[in-house]
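Have a look at this fold, sequence not included:
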């Protein structure tokens, strides 16, 4: 997988950028745009690429018996995506502790750059033998912390921490 991440001293820290993906025909709904369920598929595929960079991908499950589970997700649908549109997800690691990762993801049209959707997530680390939340191993925790520190220098995008509520009526 081709995702990139820059934290070298010579580079400005940036959100992780996943590989470019295309909208598949079976994902289009009767309204002629990407069905809401497949936004999660796109965000999930991007997260899988990011997890590889953090060392917590499929090999981590097999070799160290740990994984991650999404505990909470908040999606915002901002602009329609259509069949064959190229898209790319950026992932910002907002915060992390010994058991959790707080990420904010933006789905953008890959060539035109406009924002289609965002996903804010709280992910927990799980010991797969016990099927319980558990601390990350120290080496993984150190890698995650380095990424979180690099990402702390990135301006926070609009939409982090939003809640669902009816708009207030002006008087």
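Thanks, I have it. Quantities reported herein were computed from a predicted structural model and do not represent experimental measurements.

For residue 53, grab phi and psi.
Phi and psi for residue 53, reported as degrees, to the nearest 10, are phi -60, psi -30.

To what extent is it buried, counted in neighbours?
16 (other Cβ atoms under 10 Å). (Glycine included, C-beta is placed from N, CA and C.)

same deal with residue 43?
Quick note: residue 43 (other Cβ under 10 Å) scores 24 neighbours.

before we move on, what about residue 26?
7.

how close does it sit to residue 42?
Using Cβ to Cβ, to the nearest Å, residue 26 is found at 14 Å from residue 42.

And residue 63, by the same measure?
Residue 63 is 28 Å from residue 42, by Cβ to Cβ.

quick one, which of these two is more surrounded?
The neighbour comparison of residue 63 against residue 42 (other Cβ under 10 Å) goes to residue 42, with 23 against 8.

which SS class is that one?
helix (DSSP: H, G, I helix; E, B strand; the rest coil).

do the same with residue 107
Classification of residue 107 using three-state DSSP returns strand.

name the helices or strands packed onto whichever strand or helix holds residue 52?
Residue 52 is located in helix 36-54, with elements delineated by DSSP states H and E. Packing partners of helix 36-54 (3 or more Cβ pairs under 8 Å, 6 or more residues apart in numbering; DSSP states H and E): strand 16-17, strand 21-22, strand 66-77, strand 86-96, strand 100-109, strand 115-127, helix 138-151.

Please name whichever of the ones you listed is nearest to residue 158.
strand 115-127 (8.7 Å; Cβ to Cβ).

how far off strand 100-109 does that closest one point, in degrees?
Relative orientation of strand 115-127 versus strand 100-109 (axes from the mean of the first three to the mean of the last three Cα atoms, to 10 degrees): 150 degrees.

tell me which strands and helices the next helix or strand after strand 115-127 is in contact with?
Using DSSP H and E, the helix or strand that directly follows strand 115-127 along the chain is strand 132-133. Contact here means 3+ Cβ pairs under 8 Å, 6+ apart; on that basis strand 132-133 packs against strand 115-127.
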